[in-house]
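**Student:** okay, structure incoming, though there's no sequence with it:
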């Protein structure tokens, strides 16, 4: 029996739509968000990071006019921003982006862990504790994310907004060694899907399997919530790590930003 919520001709769309909805929900809590008439999402978190202020189209063939209208609706952009489209950006989307000074293209693998991979074993790394973060510790979470990405803490301060703790289906995680934060993660669970975000490990703790352990713990948390398919967008460098955890690259995302 075919699941009616998954288009037969585009089985990846529900995953990308969930990804867009995650940005939308977080932006609505910490900044603002709106949707175009055909489902593209404008999500502005207010963070000084282009990828966290985005127009995202979940369609395999995005509508350039919808993207242009959403970009124009923001007026004068006060923060760095980006356009996210599936696969290669076509000439019309490229033209819209260029009109706003967005001319740098980055490809990110969309990696999916399907239910047939089964429930992963519980991570077993001595002394590593992975726990959900309550609202009153989101400032610590935000600082650890920044440290994990080796970025100024000011860049991720929006993650310290306590209202994010109330976003439905979203959970923030810290990985700790004897009470010391060494890594982070975040899940967004909806519609049988677990989106995995913000996987970081602090520089001095890398190479010990902590990032993989956090990822597996969050896949298990998704299973516990009834979401047996997990997805994430990886850097090319991290692709092999997630492959070892059962994820497979099924598509790519193109992120268009202004040149650094």
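**Tutor:** Arrived safely, thanks for sending. Nothing here was measured: the structure is a model prediction, and the numbers come from that model. Numbers count the residues shown, from 1 in each chain.

**Student:** so residue 140 versus residue 173, what's the distance?
**Tutor:** Residue 140 is 12 Å from residue 173, where distance means C-beta to C-beta, to the nearest Å. Bear in mind the C-beta positions are built from the backbone N, C-alpha and C, glycine included.

**Student:** now for these two: what residues contact both?
**Tutor:** Common neighbours of residue 140 and residue 173, counting by C-beta atoms under 8 Å, 6 or more residues apart in numbering, are residue 133.

**Student:** for those two, indicate the residue with more neighbours.
**Tutor:** residue 173 (22 against 14; other C-beta atoms under 10 Å).

**Student:** return the residues in contact with residue 152.
**Tutor:** For residue 152, the contacting residues are residue 146, by C-beta under 8 Å, 6+ apart.

**Student:** phi, psi of it?
**Tutor:** phi -60, psi 140 (degrees, to the nearest 10).

**Student:** just residue 222 next, same as before
**Tutor:** Dihedral angles for residue 222 - degrees, to the nearest 10 - are phi -60, psi -40.

**Student:** without its sequence neighbours, what residue ends up closest to it?
**Tutor:** Excluding the flanking residues, the one nearest residue 222 by C-beta to C-beta, 6 or more residues apart in numbering is residue 194, at 2.9 Å.

**Student:** which SS state does the one you found fall under?
**Tutor:** strand (DSSP: H, G, I helix; E, B strand; the rest coil).

**Student:** and the longest helix belonging to the chain, what other elements does it pack with?
**Tutor:** Ranked by residue count and defined by DSSP state H, the top helix of the chain is helix 13-30. Counting contacts by 3 or more C-beta pairs under 8 Å, 6 or more residues apart in numbering; DSSP states H and E, helix 13-30 packs against strand 32-35, strand 41-44, strand 53-56, strand 104-113, strand 170-177, strand 180-190, strand 193-201, strand 229-233.

**Student:** tell me which of those strands is the most buried.
**Tutor:** strand 53-56 (a mean of 27; mean count of other C-beta atoms under 10 Å).

**Student:** which helices and strands does it pack with?
**Tutor:** Contact partners of strand 53-56 among helices and strands, from 3+ C-beta pairs under 8 Å, 6+ apart: helix 13-30, strand 41-44, helix 64-73, strand 82-86.

**Student:** could you dump these to CSV with mean pLDDT and distance to residue 94?
**Tutor:** Listed next are the helices and strands packed on strand 53-56 as CSV, based on pLDDT from 0 to 100; distance: least, C-beta to C-beta, whole Å:
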stretch, mean pLDDT, distance to residue 94
helix 13-30, 97, 19
strand 41-44, 98, 19
helix 64-73, 98, 9
strand 82-86, 98, 9
